Structures are given as structure tokens and as C-alpha cells.
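*Asks:* from the sequence below, what's the structure:
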Amino acid sequence: MTTAARNSSGQMALVFVHGGQFTATCWQPTIDAIARANRSVTTLAVDLPGRGDEPGDLATLNIGQCVQSVVRQINEAGIGRVVLVGHSMAGITLPGVAAALGAPRVERIVYLACCVPPQGKSVLSTLRGPTSWIARAISRSIDVSAPIPKPLAKWLFANGMTRLQKREVVAGMVPESAVVAREPVDRSCMPKLPTTWVITMRDRALRPAQQREFIANLGGVDEVIEMDTCHALMHSEPTRLASLLLGRSQR
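*Replies:* Numbering: from 1, shown residues only. Just a heads-up that it's a prediction; the model follows:
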């Protein structure tokens with residue numbers, strides 16, 4: 001399901017791609033903050049296949065299907081130029097979307113605490129600590145994983161949040177494709193584009209040092225911004241994130 005799309009044909013938009021175990025609704029606090037600041041800005045939050053109203057089989061899902069779904073939703077919304085914004089596991093989808101749309105249509109890519117494996121490696125190969133133990137155990141036996149247990153999800157994704165914010169985060173979690181996490185990534189066709197990376201400095205899911213490794217896997221980025229918050233920054237710091245994104249979409 002796409003959420004909060006406000007567009008006219010050919011208009012530039014902020015396009016939001018969610019990470020693993022989430023849906024497009026995770027962006028709502030940030031999209032609401034953008035609307036309060038500037039109602040003329042077009043936003044589009046997409047669901048990846050098998051989430052929301054977007055059809056797809058999580059047990060057989062692959063990165064290419066995710067890319068095709070995002071591109072189709074952008075085109076169906078009548079959007080021309082885009083700023084692509086992705087969180088966490090969206091790091092494996094954004095490069096393909098940028099390649100499919102082409103450099104003339106993509107103004108910038110904004111990576112928010114994303115997972116970007118080395119070329120030819122998988123998300124699973126990059127995981128460490130508690131996330132790695134759980135993911136590896138799950139991936140050996142099943143193709144679709146249940147949401148992470150709520151206490152662990154709060155610890156990994158929502159440290160420092162209010163109780164209400166934590167409840168919103170865990171309430172929005174959904175099953176995820178373990179198949180996609182095992183799939184090697186291919187960024188060979190990704191065009192050279194302006195890029196921004198937001199490092200979440202209190203992140204327990206993807207530690208800041210590891211995020212810097214992911215930046216290196218991309219070959220570097222044009223801009224690195226450190227934000228003193230947890231992994232799910234779209235919930236913990238929606239106003240600050242909205243301001244940052246508006247600044248990068250209006251340059």
C-alpha cells in the first residue's frame with residue numbers, strides 16, 4: 001500500500017522505501033512532519049511485495065521483484081524526479097531502483113542507517129551480534145521469518161524512545177522474507193548520484209562503525225550526517241528527519 005502520496009504529473013517527490021519487517025506505515029510520523037512544514041512537497045511511501053496491499057510471496061521474493069515494485073509504484077503515481085529515501089534493509093533495493101529510473105530522474109539517494117553489503121554478498125553475511133544470531137538460526141530452516149520478539153525489537157530498534165513510540169514501532173512489525181536476506185547483491189548498474197547517509201549514533205541494530213563500513217561498500221557518499229538517535233529514526237526523530245529531507249529535496 002502506498003501512503004501519503006500528494007503529486008501532480010511529473011512533479012519531484014520524496015519516495016520512501018521501508019526496511020525489513022516493516023511496511024510503508026513506518027514513515028507516517030516523518031511524512032506528517034513534512035506536511036506540517038511544507039504541504040506543497042510530494043511524498044510517496046511504498047510497500048515492498050508481500051507487505052500492505054502490495055502483492056507478493058515472501059517465501060520466493062527476490063531483490064529484483066522489490067525493485068520492480070518500487071519503480072512501478074513511482075510511475076503509477078505520476079512522479080517524475082525523485083529523492084529516494086531508504087531505511088535499513090532498503091539499502092539493497094535503492095541501488096536497483098536508481099538504476100531502473102536512471103540518473104536524470106533521481107536527484108539524490110538518502111540512506112538512513114542502511115545495510116549495504118559488499119558487492120556480491122548478502123544482508124545475512126553482514127549481520128553481527130544478536131541480530132546475526134537470530135537471523136542465521138532462522139534462515140537455515142525457513143524462508144519467511146516472524147517479527148522479532150517485542151522486547152528484543154524495542155532494545156534493537158527503539159532504545160531511547162518514549163513508551164508510545166516504542167509501542168508504535170513494534171505494532172508496525174510484520175513477517176519478513178529470509179530469502180531476500182540470503183540473496184547476493186548486485187550494484188554493478190547503479191549510476192553515480194548525489195548521496196547522503198544518516199548515521200544513527202545510538203543504533204544497536206547497525207552500529208555506527210558498521211554503517212561506516214557500509215558507506216565504504218558504496219564507494220563513499222557525498223554527505224554524512226550523524227544523528228544522536230536509535231535505529232528507527234523515522235519514529236524517534238520525525239521532525240529532525242523531515243527538516244533534513246526537505247533541505248535535500250529543495251536544493
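
*Asks:* give the next helix or strand downstream of the longest helix along the chain.
*Replies:* Of all the segments of type helix in the chain, defined by DSSP state H, the longest one is helix 63-76. Beyond helix 63-76 on the C-terminal side, the first helix or strand identified by DSSP states H and E is strand 82-87.

*Asks:* that next one vs helix 63-76, what angle?
*Replies:* For strand 82-87 against helix 63-76, the angle by axes from the mean of the first three to the mean of the last three Cα atoms, to 10 degrees is 140 degrees.

*Asks:* middle-most residue in the chain, spatially?
*Replies:* Within the chain, one residue has its C-alpha closest to the average C-alpha position: by Cα atoms, centre = their mean, that is H87, at 2.4 Å.

*Asks:* contact partners for it?
*Replies:* Residues near H87 by Cβ atoms under 8 Å, 6 or more residues apart in numbering: 16-19, 22, 26, 112-114, 232-234. Any C-beta I mention is one placed from the backbone N, CA and C, and that applies to glycine too.

*Asks:* quick one: buried residues of the longest helix of the chain?
*Replies:* By neighbour count on 16 or more other Cβ atoms under 10 Å, the buried set for helix 63-76 is 63, 65-67, 69-71, 73-74.

*Asks:* of the contacts of H87, buried ones?
*Replies:* Among the contacts of H87, those classed as buried by 16+ other Cβ under 10 Å are 16-19, 22, 26, 112-114, 232-234.

*Asks:* what about those residues, which are in helices?
*Replies:* 233-234.

*Asks:* after the helix or strand in which A216 is found, which helix or strand is next?
*Replies:* Using DSSP H and E, the secondary-structure element containing A216 is helix 208-217. For helix 208-217, the following helix or strand on the C-terminal side (DSSP H and E) is strand 223-227.

*Asks:* in terms of secondary structure, what does that following strand contact?
*Replies:* Of the remaining helices and strands, those touching strand 223-227 by 3 or more Cβ pairs under 8 Å, 6 or more residues apart in numbering; DSSP states H and E are strand 195-200, helix 238-249.

*Asks:* from the chain's centre, how far out does the helix holding A216 sit?
*Replies:* Centroid displacement of helix 208-217 relative to its chain, using Cα atoms, centre = their mean, to the nearest Å, is 16 Å.

*Asks:* packing partners for that helix?
*Replies:* Using 3+ Cβ pairs under 8 Å, 6+ apart as the contact criterion, the neighbours of helix 208-217 among helices and strands are strand 195-200.

*Asks:* done for today, thanks.
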